[in-house]
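Undergrad: let me see the structure of the following:
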Amino acid sequence: MEKLPRAALVAGLLILLVFGAMAADYALFLSRPVVPDPPRVLVISPGMSLARIADRLADQGIVARSVYFKLLARLEGKSGQVQAGEYQFSDSAKPGAVLERLVSGDVRRYPFTVPEGFTLTQIAAKLEAEELGRSGEVLALAYDPGFIASLGVDAESLEGYLFPETYVLSRAVGEKRLLAAMVAEFERRVDASLREAARKHDLDLHELVTLASIVQKEAGNEQEMPLISAVFHNRLRRGMRLQADPTVIYGIEDFSGNLTRRHLREKTNYNTYMVSGLPPGPIANPGIEALRAAAHPAQSNALYFVSRGDGTHVFSGTLQEHNQAVRRYQLKR
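TA: You can find the predicted model right below:
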């Protein structure tokens, strides 16, 4: 057997040494945790390549070597499994843990609160202001018949069906999934017993939500909601118009904040001074107490109420009593 030339032997040893050093360096890379200083936020866009992601991780001090991070992802078969989204890195973590977070979609999340009585327009504007959705896209979906039907809502819009709650969202959640989550919460909270109680008062689900939205906008506190609901139930039974200012306001385009007599005489589908019965749909997204009040009105003969100006109301069973209360609490002011 011929001996290997000395140069070839030396070259082979050098290659072994280089690979050995690289293997040791890679092992050190895997075992050594990195602490980003200061804490970093990394945004991964849909379709971003593994190479670019690895470079950004290294540039921001989240991992020590981008080339090794790419190697790790490929060796584990996860190079195409990184989820888009916004990630925050502040704690000490080894590269394997960083990769696992990216693959599992452990994105940064934000609380988003839908206040009781907010309209679709207000919710859309709040989402955009908090950078969690696009207002135009939210409104387009909320009025899209196909999308509405896909959520199981039998209405012309999602007004009234976006349940007031605090949701924890990622910036990558998307408008469709966000609206679907709000409707799912509505379906969970408006249970069979609540719907059955509404049916006993001859209200279907859409009518329940519509009445609840008016109660929500009229009430100054939760305690009075059943009484306010009773007034509207009594008026509906007698064929009296509801004469609810919030419905009039909802039907006014670009309302300035000043409700006038001219507005009360303007005939729109939502002007309950001019049209009988409930308006065609909800005027806001009611909370659970307003929904319960609409389904469980108080036992009362009241047909009128007027604000005292302190968040409470005076309830009256006759027009004469109501006019006296108006003179005392409204005209005097």
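Undergrad: how about low-confidence regions in this structure?
TA: 1-4, 6-21, 331-333 (pLDDT under 70).
Undergrad: for it, what spans make up the strands?
TA: For the chain, the strands defined by DSSP state E cover 40-44, 85-89, 109-113, 166-170, 304-307, 313-316.
Undergrad: how many neighbours does the residue nearest to Gly220 when sequence neighbours are not counted have?
TA: Using Cβ to Cβ, 6 or more residues apart in numbering and skipping residues adjacent in sequence, the residue nearest Gly220 is Gly311, 3.4 Å away. Glycine gets a C-beta too; all of them are placed from N, C-alpha and C. By other Cβ atoms under 10 Å, 10 other residues sit near Gly311.
Undergrad: picking that back up, save the strands of the chain as JSON lines, and put in distance to Arg235 and mean neighbour count too.
TA: Formatted as JSON lines, those follow (distance: least, Cβ to Cβ, whole Å; neighbours: other Cβ atoms under 10 Å):
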{"stretch": "strand 40-44", "distance to Arg235": "54", "mean neighbour count": "16"}
{"stretch": "strand 85-89", "distance to Arg235": "50", "mean neighbour count": "19"}
{"stretch": "strand 109-113", "distance to Arg235": "33", "mean neighbour count": "14"}
{"stretch": "strand 166-170", "distance to Arg235": "34", "mean neighbour count": "15"}
{"stretch": "strand 304-307", "distance to Arg235": "9", "mean neighbour count": "19"}
{"stretch": "strand 313-316", "distance to Arg235": "13", "mean neighbour count": "20"}
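Undergrad: and of those strands, who's closest to Leu227?
TA: strand 313-316 (5.8 Å; Cβ to Cβ).
Undergrad: other SSEs contacting the closest one?
TA: Secondary-structure packing of strand 313-316 (3 or more Cβ pairs under 8 Å, 6 or more residues apart in numbering; DSSP states H and E): helix 225-238, strand 304-307, helix 319-326.
Undergrad: distance to Leu264 added to the ones you listed, as a markdown table?
TA: Below are the helices and strands packed on strand 313-316 laid out as a markdown table (distance: least, Cβ to Cβ, whole Å):
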| stretch | distance to Leu264 |
| --- | --- |
| helix 225-238 | 16 |
| strand 304-307 | 15 |
| helix 319-326 | 15 |
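Undergrad: I figured Phe89 hits Pro38, correct?
TA: No: counting by Cβ atoms under 8 Å, Phe89 does not reach Pro38; the two are 10.2 Å apart.
Undergrad: on that earlier part again, any chance of the strands of the chain in JSON lines, plus distance to Tyr26?
TA: Formatted as JSON lines, the strands of the chain follow (distance: least, Cβ to Cβ, whole Å):
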{"stretch": "strand 40-44", "distance to Tyr26": "23"}
{"stretch": "strand 85-89", "distance to Tyr26": "21"}
{"stretch": "strand 109-113", "distance to Tyr26": "33"}
{"stretch": "strand 166-170", "distance to Tyr26": "32"}
{"stretch": "strand 304-307", "distance to Tyr26": "73"}
{"stretch": "strand 313-316", "distance to Tyr26": "73"}
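Undergrad: any idea how far stretch 322-333 is from the chain center?
TA: Taking Cα atoms, centre = their mean, to the nearest Å, one finds stretch 322-333 lying 40 Å from the centre of the chain it belongs to.
Undergrad: tell me which residues in it are buried?
TA: 322, 325-326, 329 (16 or more other Cβ atoms under 10 Å).
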